[in-house]
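Engineer: sequence plus predicted model, see below.
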Amino acid sequence: MKTSRRKRVTQTAKKEAEEMLQTTFSSDLLTPEEERELLTNFWDCKSELVRVLVRTFPELRPHRPPMEPWPMAQFIREHCTAERREVMAIRRLHDRYVHYKHRLASANIRLAAHVAKRFRHHSLAYSDLLQEAVCGLMQAIDRFDVSHGTRLATYATWWIRQTLQIAVARQSHLVSLSPHHLQELGLLQQESEALAHGGKHLPSPQELASRTGSSLEHLTHLQTATRTPVSLNAVLDDDSDFKLTEAMPDTSAQTAQENNERQEALNFLMESLRPRERKVLDLRFGLTGNGTHSLRQIGHMLRISKERVRQIQNRALEKLRANAERVGWEPNLLLE
């Protein structure tokens, strides 16, 4: 009797596993009745998996989620680990849970591809858009409530579109934008096209700001963030090889010239100081590239007190400022 019963259980389990393998990746569309039955089974399996996890592992009781689709899906994702799936009952329920979820996703994969095609005008590749759309579909399946009485495709369309908008906002522009900013950009584009078509002229930023109800500063900041980047090696004219880098000023040469002028001014003013004053300023500020030293270190080198070093330093700086003002230079020229 026990042997025959074990054989029946084994055959039933093998039959269920074969059916699951055959239908997991099937993209056949579901009828409303089949979809509702599958969603009901998915909900029952999810609820039973949560109950078995909490009953089998008492340490999960403080983390038990409310009987809602999204908290339960998060609970399963976080706590149904590979170690806990070693329990036969949990592994069997988890396999059924994954099977139902994949079957629902496979039946709606055409919907994800259809919504992803609407975003092909952005800079993302279609393969990336399709991947993001599938992620949105899987999230919609986790969040869907059977008691709503609507089709899964109707509910999933919003989540797929939302996921694609977030992906486009993060990757399409050089500056990362939120979906709210993308909606504002779309509204600006529509208003700009409407004004250009009606008045036959390009609208000014003030007109766009008044039409959209946003401030001119916010509008300018948004347009600047979405400006198309230009390569420094881009050619300015098609008829010549003149590049953008050749039109940019060489700031390094100007900086080097300013540094040389400052060094010459420093050497000229340092000649008016006494040898000990030049020595103190050199050690204190590292004028000759030997590094800076503290007042205590300088006093130890010159065998004088720290306070005496401070006095020499202040007197030398006052002389430098007075000499700089006498020849018409800025007093803070040497301190930049």
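Structural biologist: It's in. Numbering: from 1, shown residues only.

Engineer: other residues contacting the host helix or strand of E132?
Structural biologist: Using DSSP states H and E, E132 falls within helix 126-143. If you take Cβ atoms under 8 Å, 6 or more residues apart in numbering as the criterion, helix 126-143 is touched by 42, 69-70, 73, 101, 104-105, 108-109, 111-113, 115-117, 119-120, 122, 152, 155-156, 158-164, 167, 171. Quick note: C-beta positions are derived from backbone N, CA and C, even for glycine.

Engineer: and stretch 55-64, how far out from the chain middle?
Structural biologist: When distances are taken as Cα atoms, centre = their mean, to the nearest Å, stretch 55-64 is centred 35 Å away from the chain's centroid.

Engineer: buried sites along it?
Structural biologist: Using 16 or more other Cβ atoms under 10 Å as the burial criterion, the residues of stretch 55-64 that qualify are L60.

Engineer: how about the strands in the stretch 101-250 of the chain?
Structural biologist: Using DSSP state E, counting those that start in this stretch, no strands are assigned anywhere in the stretch 101-250 of the chain.

Engineer: re the thing from before, now, which of the contacts of helix 126-143 lie within helices?
Structural biologist: Here DSSP state H is the test, and these give 42, 69-70, 73, 101, 104-105, 109, 111-113, 115-117, 152, 155-156, 158-164, 167, 171 as lying in helices.

Engineer: among those residues, name the buried ones.
Structural biologist: Buried among these (16+ other Cβ under 10 Å): 42, 69, 73, 101, 104-105, 111-112, 115-116, 152, 156, 159-161, 163-164, 167.

Engineer: spit out the contact partners of the nearest residue to T220 once chain neighbours are set aside.
Structural biologist: Distances taken as Cβ to Cβ, 6 or more residues apart in numbering put P205 closest to T220, at 6.4 Å, once the chain neighbours are dropped. Each residue near P205 by Cβ under 8 Å, 6+ apart is listed here: 216, 219-220, 223.

Engineer: out of the residues you listed, flag the one nearest to H94.
Structural biologist: Nearest to H94, judged by Cβ to Cβ, of the contacts of P205 is Q223 at 49.9 Å.

Engineer: quick one: residues contacting the closest one.
Structural biologist: Q223 is in contact with 188, 205, counting by Cβ under 8 Å, 6+ apart.

Engineer: how about 7 Å then?
Structural biologist: The contact partners of Q223, by Cβ atoms under 7 Å, 6 or more residues apart in numbering, come to none.

Engineer: equivalent analysis for R308, please.
Structural biologist: G299.

Engineer: per-residue confidence for it?
Structural biologist: Predicted confidence (pLDDT) for R308: 91.

Engineer: in the helix or strand it falls within, what's buried?
Structural biologist: Using DSSP H and E, R308 sits in helix 306-326. Of the residues in helix 306-326, 309, 312-313, 316-317, 319-321, 323-324 count as buried by neighbour count, 16+ other Cβ under 10 Å.
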